[in-house]
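**Q** Starting from these lines, generate the structure:
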Amino acid sequence: MTLGMSQWQILSRILLPQAMVRMLPAYGSFLTMIIKDTAIASVVATPEMLRNAEVVAQQTYRSVEVYTITMLLYFCTLFPTTRVVELIYRRVAHLGRS
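**A** Now for the predicted structure:
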């Protein structure tokens, strides 16, 4: 306020950048947890990937192959997500330094 900034300018130029830097690691972990926890999606009638893999493994007796493919699908979903969050964090990390 001493510099003549309005409340909105203080919020958008000082407080939010610092809060965003502090929030990103927790947000990335939370996002990863939600993606891995696909059982939540089963409430909305979307079949859970791991449950489907279990059914296929029981029917085909090829559990190693089925679970390996399921693991790779989870990895292909989660790895880019964590990398994007890490990239965003690196770009804005300097804003949180005091």
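**Q** elements contacting the helix or strand hosting Gln18?
**A** Using DSSP states H and E, the element containing Gln18 is helix 16-36. For helix 16-36, the contact count by 3 or more C-beta pairs under 8 Å, 6 or more residues apart in numbering; DSSP states H and E identifies helix 63-92 as packing neighbours. Every C-beta, even on glycine, is put in place using the N, C-alpha and C of the backbone.
**Q** Now for Glu65, how many residues are close by?
**A** Taking other C-beta atoms under 10 Å as the criterion, the count of residues near Glu65 is 11.
**Q** for Met23, that is, sorry about that
**A** Taking other C-beta under 10 Å as the neighbour definition, Met23 ends up with a count of 14.
**Q** Check Arg83 and give its pLDDT.
**A** Among the per-residue scores, Arg83 holds a pLDDT of 91.
**Q** any idea how far Met33 is from it?
**A** When distances are taken as C-beta to C-beta, to the nearest Å, Arg83 and Met33 turn out to be 16 Å apart.
**Q** cool, Val66 as well?
**A** Separation of Val66 from Met33 (C-beta to C-beta) stands at 24 Å.
**Q** Which one's more surrounded, these two?
**A** A direct count of neighbours by other C-beta under 10 Å for Val66 and Met33 places Val66 higher, at 19 against 10.
**Q** Give me the phi and psi angles of Ser6.
**A** The phi/psi pair for Ser6 (degrees, to the nearest 10) reads phi -80, psi 170.
**Q** what about it, how many neighbours?
**A** In terms of burial, Ser6 registers 9 neighbours under the definition other C-beta under 10 Å.
**Q** what separates the residue nearest the centre of the chain from Leu24, distance-wise?
**A** Of all residues in the chain, the one closest to the mean position by C-alpha atoms, centre = their mean is Leu31, 2.6 Å from it. Using C-beta to C-beta, Leu31 is found at 10 Å from Leu24.
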